[in-house]
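pasting the sequence and the predicted model now:
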Amino acid sequence: MFPGGGADMQQLLQQAQKMQQDLARAQEELAETIVEGSAGGGLVTASVTGSGELTGLVIAPGAVDPEDTETLADLVLAAVRDANESARQLAERKLGPLAEGLGGGGGLPGLPF
């Protein structure tokens, strides 16, 4: 399949191993990077890791109305969604070039885009 034999195959395997190491390193960096999202003009702020794990939630006192907990819930959801979108964009920036090296990234298991 490879004319000339083993040298080309060895080089290909080394490149694949390096790409795998780069991908693992980028995923580790994502897990350690915190991004934020907010809603209601900053009334609710959510913090997530680049891999999407919710790590913090700050609710301003002005967002708390005991008579209207539904609005507060909506603000929390919106802030978490905003933070997760920021995490997705960060992952795409960090992992996108690596996925292109693997043949495109679209549909590769474990990649969020």
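Sure thing, it's come through. Numbers count the residues shown, from 1 in each chain.

for Ala78, which residues are in contact?
39-40, 44 (CB atoms under 8 Å, 6 or more residues apart in numbering). The C-beta positions use only the backbone N, C-alpha and C, and glycine is treated the same way.

sec struct for it, please.
helix (DSSP: H, G, I helix; E, B strand; the rest coil).

could you report the pLDDT at it?
Looking at Ala78, its pLDDT stands at 97.

below-threshold pLDDT in the chain: ranges please.
1-6, 99-113 (pLDDT under 70).

can you give me the strands for it?
Assigned by DSSP state E, the chain shows strands spanning 34-39, 44-49, 54-59.

select, out of those, the one closest to Gln89.
Gln89 lies closest to strand 34-39 among the strands of the chain, at 8.5 Å (CB to CB).

and that closest one with strand 54-59, angle?
40 degrees (axes from the mean of the first three to the mean of the last three CA atoms, to 10 degrees).

partner strands of strand 34-39, parallel or antiparallel?
Strand 34-39 pairs in its sheet with strand 44-49 (antiparallel), by DSSP bridges.

and the partner strand, how far from the chain's centre?
13 Å (CA atoms, centre = their mean, to the nearest Å).

I figured Met95 was touching Ala26, is that so?
One thing to correct before we go on: residue 95 is Leu, not Met. Yes. Taking CB atoms under 8 Å as the definition, Leu95 is a contact partner of Ala26 at 5.5 Å.

these two: which is more packed in?
Using other CB atoms under 10 Å as the criterion, Leu95 and Ala26 rank with Leu95 on top: 24 against 19.

how are the helices of this structure distributed by residue range?
6-32, 69-101 (DSSP state H).
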